[in-house]
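Peer 1: missing the sequence, but the structure's below:
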């Protein structure tokens, strides 16, 4: 005799699968640099390669010690990123905003994001720059 509709096992399995998919699609909060935070001399290119992929709606957290002068700028393009040109960059977080819980930036657009610290030689000599390309979640 054929049974129409769902039995209890099918319903439970459907709920478990739906919950698993929901977990996979939730945005993450990612501390830039991990335990190293946002500091002079750390290789953020290597960190980004090892941490990727980043996804649309993920939140990047830039944490840095307020006793050292660091900042977070959003650079407009690859050339500005490569040569550390801040002339058209947007200041996102000044040196006083990195303490405590840090400065948070949501990857809310599907584009390439170029970040760098604009203080002293942080970008040129200190490797304090980062490229992030968020992927869509499926």
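Peer 2: Structure's in. What do you need? Keep in mind it's a predicted model, so treat the numbers as computed, not measured.
Peer 1: And the strands in this protein?
Peer 2: Under the criterion DSSP state E, the chain carries strands at the ranges 29-31, 54-55, 59-62, 72-75, 90-93, 103-106, 113-116, 129-132, 134-135.
Peer 1: Take those strands and lay them out in TSV including mean pLDDT.
Peer 2: Listed next are the strands of the chain as TSV, based on pLDDT from 0 to 100:
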stretch	mean pLDDT
strand 29-31	97
strand 54-55	97
strand 59-62	97
strand 72-75	98
strand 90-93	96
strand 103-106	96
strand 113-116	98
strand 129-132	96
strand 134-135	96
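Peer 1: Name the helix or strand of this protein that has the lowest mean pLDDT.
Peer 2: Across the helices and strands of the chain, mean pLDDT, DSSP states H and E gives its lowest value to helix 8-25, namely a mean of 51.
Peer 1: Might you report the residue contacts of the nearest residue to residue 133 once chain neighbours are set aside?
Peer 2: Nearest non-adjacent residue to residue 133, counting by C-beta to C-beta, 6 or more residues apart in numbering: residue 112, 5.2 Å away. Bear in mind the C-beta positions are built from the backbone N, C-alpha and C, glycine included. Shown in contact with residue 112 (C-beta atoms under 8 Å, 6 or more residues apart in numbering): 78, 131-133.
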